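S.K.: model the following, please.
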Amino acid sequence: MLLSIFGAASLFAAVHADTAKTMAIVATPTVHRTPVVGIASAIIADSIVVEKSKRMLTLFLEGTPVRSYKVALGKQPVGDKIRIGDNRTPEGMFFIDFKKPESRYYKSLHISYPDAAHKARATKLGVRAGGDIMIHGLPNGDGWIGSRQMRIDWTEGCIAMTNPEIEWLYRAAADGTPIEIYP
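M.R.: You can find the predicted model right below:
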């Protein structure tokens with residue numbers, strides 16, 4: 001591209017008498033595709049995988065990992081969520097069912113927990129399955145904590161990220177995006 005610019009500049013200098021003709025040549029684009037600028041903001045993830053044991057959330061596009069983030073989980077990270085108040089992050093296949101642009105935790109994406117299996121197990125045990133499981137940023141006013149939040153599992157069962165990370169995920173994951181949470 002620099003060669004094209006230099007070529008156009010020398011052409012401009014050589015044919016200065018016919019300015020209109022030269023301007024037409026200089027203004028004619030030689031690149032017929034969109035340049036790759038700001039591509040990260042244009043990616044839409046088609047699935048999300050959370051590996052609880054690694055504290056890792058990965059976005060996928062057509063089966064290819066696009067981006068990974070370290071995350072914090074519920075205060076009791078081992079095992080599947082059984083009931084409200086157990087501080088566990090659920091395991092299984094869910095989807096993003098809605099987004100909250102304003103929440104107590106910067107921005108958040110709601111996970112479709114509990115599914116039918118979790119509800120049935122909770123009913124059998126005589127407990128409430130709980131709900132309101134989110135992928136979210138840091139509590140409002142605490143964004144300064146940043147990546148230090150990953151040093152401990154501190155949520156009540158949600159998946160926590162830094163505010164810049166949830167901002168990126170918020171744009172990349174649409175309602176209906178599947179999310180699989182592994183032990």
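
S.K.: so where's this protein shaky on pLDDT?
M.R.: The chain contains residues with pLDDT under 70 at 1-43, 140-150.

S.K.: now the helices for it?
M.R.: Assigned by DSSP state H, the helices in the chain fall at 2-14, 19-27, 116-125, 163-172.

S.K.: restrict the last one to CA atoms and write it as PDB.
M.R.: As requested, the backbone C-alpha atoms of helix 163-172 are provided in PDB (Å, rounded to 0.1, in the frame of the first residue of the first chain):
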ATOM      1  CA  ASN A 163     -15.200  -4.800  33.600                       C
ATOM      2  CA  PRO A 164     -13.300  -4.400  30.400                       C
ATOM      3  CA  GLU A 165     -13.600  -8.100  29.800                       C
ATOM      4  CA  ILE A 166     -17.400  -8.200  30.400                       C
ATOM      5  CA  GLU A 167     -17.700  -5.200  28.100                       C
ATOM      6  CA  TRP A 168     -16.100  -7.100  25.300                       C
ATOM      7  CA  LEU A 169     -18.100 -10.300  26.000                       C
ATOM      8  CA  TYR A 170     -21.300  -8.200  26.200                       C
ATOM      9  CA  ARG A 171     -20.800  -7.100  22.600                       C
ATOM     10  CA  ALA A 172     -19.600 -10.500  21.400                       C
END
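
S.K.: which secondary structure elements does it contact?
M.R.: strand 56-61, strand 64-70, strand 106-111, strand 134-136 (3 or more C-beta pairs under 8 Å, 6 or more residues apart in numbering; DSSP states H and E). Where you see a C-beta, it was placed from the backbone N, CA and C, and this is true even at glycine.

S.K.: 10 Å - rerun?
M.R.: Applying 3 or more C-beta pairs under 10 Å, 6 or more residues apart in numbering; DSSP states H and E, we find helix 163-172 packed against strand 56-61, strand 64-70, strand 92-103, strand 106-111, strand 134-136, strand 159-160.

S.K.: who's in contact with the longest one?
M.R.: Going back to what we said before, that points to strand 92-103. 45, 47-48, 50, 80-81, 106-115, 117-118, 133-137, 139-140, 166, 169-170, 173-182 (C-beta atoms under 10 Å, 6 or more residues apart in numbering).

S.K.: enumerate every residue touching the closest residue to K81 other than its chain neighbours.
M.R.: Excluding the flanking residues, the one nearest K81 by C-beta to C-beta, 6 or more residues apart in numbering is P90, at 3.8 Å. The contact partners of P90, by C-beta under 10 Å, 6+ apart, come to 50, 52, 74, 79-82, 111-115, 118, 129-131, 133, 157-159, 181.

S.K.: and if we set it to 7 Å?
M.R.: D80, K81, Y113, H118, I133, G157, I181 (C-beta atoms under 7 Å, 6 or more residues apart in numbering).

S.K.: just the buried residues from the residues you listed, in PyMOL please.
M.R.: Of the contacts of P90, the buried ones go into a single PyMOL selection, burial set by 16 or more other C-beta atoms under 10 Å:
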select buried, resi 80+81+113+118+133+157+181
